[in-house]
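S.K.: Return a 3D structure for these sequence lines:
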Amino acid sequence: MIGARLGLFGLVLALAATAAALALAPMPAPPPGPVAARPTRTTSPPPAAPGTAATAQILARPLFRPDRRPVAVAADTAATGMPRLSGILRGDAVRLAIFATPSGKPVLLGEGAHLGGYRIARIGRRAVLLEGPRGQLRLVPRFAHETGAAPQANPPKPAADAGILVHPGPR
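M.R.: Coordinates of the predicted model:
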């Protein structure tokens, strides 16, 4: 028992000595080579006013995309004539697509429902597949600022105030 404690004490002492030697060792010199002078900025740029082109550019660069590039709007709602898909609800017993209307009241539709001559064939995790006269159409949720629509003037009501029943799910 005493031999094991002495061995452990010796190991701790050796590690402490190694750490002290590394901490006291001189830092290596940086490699020689040309060093480019950095321009110094004497003044900061003026802050962008709300509603300017800088604000629009910032909003066009999605925060949660790794490349921060604007979302390609190949299947834009204006080109297809469809309302904007603003969200998808999926659960164990429910699959709903939420479409934004010009009136501001959302429309919730399930699989098999009809929308502008198209039938909702499938509601996936990230897209809604529609079938209609021009073949299949795949819609992905878009925020209002991504489509060029004006932001809402008044904030949305909480779910309880809007008369929407929110079920917390199984406990």
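
S.K.: from here on, contacts and neighbour counts on C-alpha atoms
M.R.: Fine.

S.K.: Which stretches in this structure count as strands?
M.R.: In chain order, the chain shows strands spanning 84-90, 95-100, 107-110, 114-115, 118-123, 128-132, 135-139, with DSSP state E as the criterion.

S.K.: Show me what the shortest one pairs with in its sheet, parallel or antiparallel.
M.R.: Paired neighbours of strand 114-115 in the sheet (DSSP bridges): strand 118-123 (antiparallel).

S.K.: Could you do the longest one as well?
M.R.: The partner list of strand 84-90 in its sheet, established with DSSP bridges, is strand 95-100 (antiparallel).

S.K.: Turn the strands of the chain into JSON lines, including distance to Ala16 and mean neighbour count.
M.R.: JSON lines is the format used below for the strands of the chain (distance: least, Cα to Cα, whole Å; neighbours: other Cα atoms under 10 Å):
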{"stretch": "strand 84-90", "distance to Ala16": "57", "mean neighbour count": "19"}
{"stretch": "strand 95-100", "distance to Ala16": "61", "mean neighbour count": "20"}
{"stretch": "strand 107-110", "distance to Ala16": "66", "mean neighbour count": "16"}
{"stretch": "strand 114-115", "distance to Ala16": "72", "mean neighbour count": "15"}
{"stretch": "strand 118-123", "distance to Ala16": "61", "mean neighbour count": "20"}
{"stretch": "strand 128-132", "distance to Ala16": "62", "mean neighbour count": "19"}
{"stretch": "strand 135-139", "distance to Ala16": "62", "mean neighbour count": "15"}
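
S.K.: I'd like those as CSV, with mean pLDDT and distance to Thr52 appended.
M.R.: Written out in CSV, the entries for those read as follows (pLDDT from 0 to 100; distance: least, Cα to Cα, whole Å):
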stretch, mean pLDDT, distance to Thr52
strand 84-90, 89, 25
strand 95-100, 91, 25
strand 107-110, 90, 32
strand 114-115, 88, 36
strand 118-123, 92, 37
strand 128-132, 90, 33
strand 135-139, 88, 29
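
S.K.: Would you mind giving the ones you listed as a markdown table with distance to Phe64 added?
M.R.: Compiled in a markdown table, the strands of the chain are given as follows (distance: least, Cα to Cα, whole Å):
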| stretch | distance to Phe64 |
| --- | --- |
| strand 84-90 | 16 |
| strand 95-100 | 21 |
| strand 107-110 | 26 |
| strand 114-115 | 30 |
| strand 118-123 | 23 |
| strand 128-132 | 21 |
| strand 135-139 | 19 |
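
S.K.: So what pairs up with the nearest residue to Leu89 once chain neighbours are set aside in the strands?
M.R.: By the measure of Cα to Cα, 6 or more residues apart in numbering, the closest residue to Leu89 outside its immediate chain neighbours is Leu96, 5.0 Å from it. Bridge pairing for Leu96 (DSSP bridges) gives the partners Leu89, Gly110.

S.K.: Good, we can wrap up now.
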